[in-house]
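Q: A structural model of the following input is requested.
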Amino acid sequence: MTNSRFAPSQLPRLEHPDGTPLRALVVEDEPSLAELVGMGVRMLGWEVRIAHDGPSAVQEARSFSPDVLVLDWMLPGFEGSEVLRRVRLFHPKVPALFLTAKDAVEDRIEGLALGGDDYVTKPFSLEEVLLRLHRLAERSGAACADAAEIVVGDLSLNTDTREVFRAGDEIQLTATEFDLLRYLMENARRVVSKSQILDSVWNYDFGGHANIVELYVSYLRKKLEAGRAPLIHTVRGAGYVLKPAP
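A: Numbers count the residues shown, from 1 in each chain. This is a model prediction of the structure:
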């Protein structure tokens, strides 16, 4: 496994239109690896079931009706491609992410040709697996993102209209200020580091230093907190946290 600064909490929460969580079936014959992936998927707020061989995976899929599949290529009973073939007989649109130690180009092509929607080779980054699963769920249409309006105390932000209000007063923000505020509000009451903010708001494209975060936080504070109780708090040595005023 490799390390990165990405965290599942950075992703918008996905759920079914009725508000119930998404469901993922993880099929991996190595129990510790299956539990690791399952733990990560639960961090996305999804329900998880785990199977360790081909026949039990098909049985679980029938009863669980997963929104996404995570399939090891080599499995006891029959391999992941056969699991996918059988599951799609009764669940034809479920997307699948293959996990495999086979990393040759022809192997990746084979996996996609057999119906896989994405492919990650071992050893893999858990963060990459979660990001790819999130994207598969978004594209599949099984989920809807969080509501357009995010509310924290007397502060509200609409992701569709890009309007921001505090206590009924509209706050005019630049595009970058809006993206930064959205990230802080999506992680309300959670401390986020400068590197996490850079990765999410600037998408790894900014080549400068973390003081750009300090600069834009100061811009937000001036606009949001003028004559009002503070919302954005500095946690020394850790980052920032946005929380409703007492």
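Q: From now on I want contacts and neighbour counts done on CA atoms only, so please keep to that.
A: Noted.
Q: which residues does residue 151 contact?
A: 157, 185 (CA atoms under 8 Å, 6 or more residues apart in numbering).
Q: In the helix or strand where it lies, which residues are buried?
A: Under the criterion of DSSP states H and E, residue 151 resides in strand 149-152. Within strand 149-152, the residues scored as buried using 16 or more other CA atoms under 10 Å are 150-152.
Q: And the residue lying closest to residue 157 once chain neighbours are set aside, how close does it get to residue 196?
A: Leaving out its chain neighbours, the residue that sits closest to residue 157 by CA to CA, 6 or more residues apart in numbering is residue 164, at 4.5 Å. For residue 164, the distance to residue 196 equals 23 Å [CA to CA, to the nearest Å].
Q: of those two, who's got more company?
A: Legend: neighbour count by other CA atoms under 10 Å for residue 164 and residue 196, higher for residue 164 (23 against 18).
Q: residue contacts, that one?
A: Contacts here follow CA under 8 Å, 6+ apart; on that basis residue 164 touches 155-158, 170-173.
Q: Which residue in these has the weakest pLDDT?
A: Note: of the contacts of residue 164, the lowest pLDDT belongs to residue 158, at 88.
Q: can you tell me how far it sits from residue 185?
A: Separation of residue 158 from residue 185 (CA to CA): 11 Å.
Q: So between the two, which is more surrounded?
A: Between residue 158 and residue 185, counted using other CA under 10 Å, residue 185 has the larger neighbour count: 22 against 15.
Q: Give the helix, strand or coil label for that one.
A: Classification of residue 185 by DSSP: H, G, I helix; E, B strand; the rest coil places it in helix.
Q: repeat for residue 227
A: Of the three states, residue 227 takes coil under three-state DSSP.
Q: Thanks again, I'm all set now.
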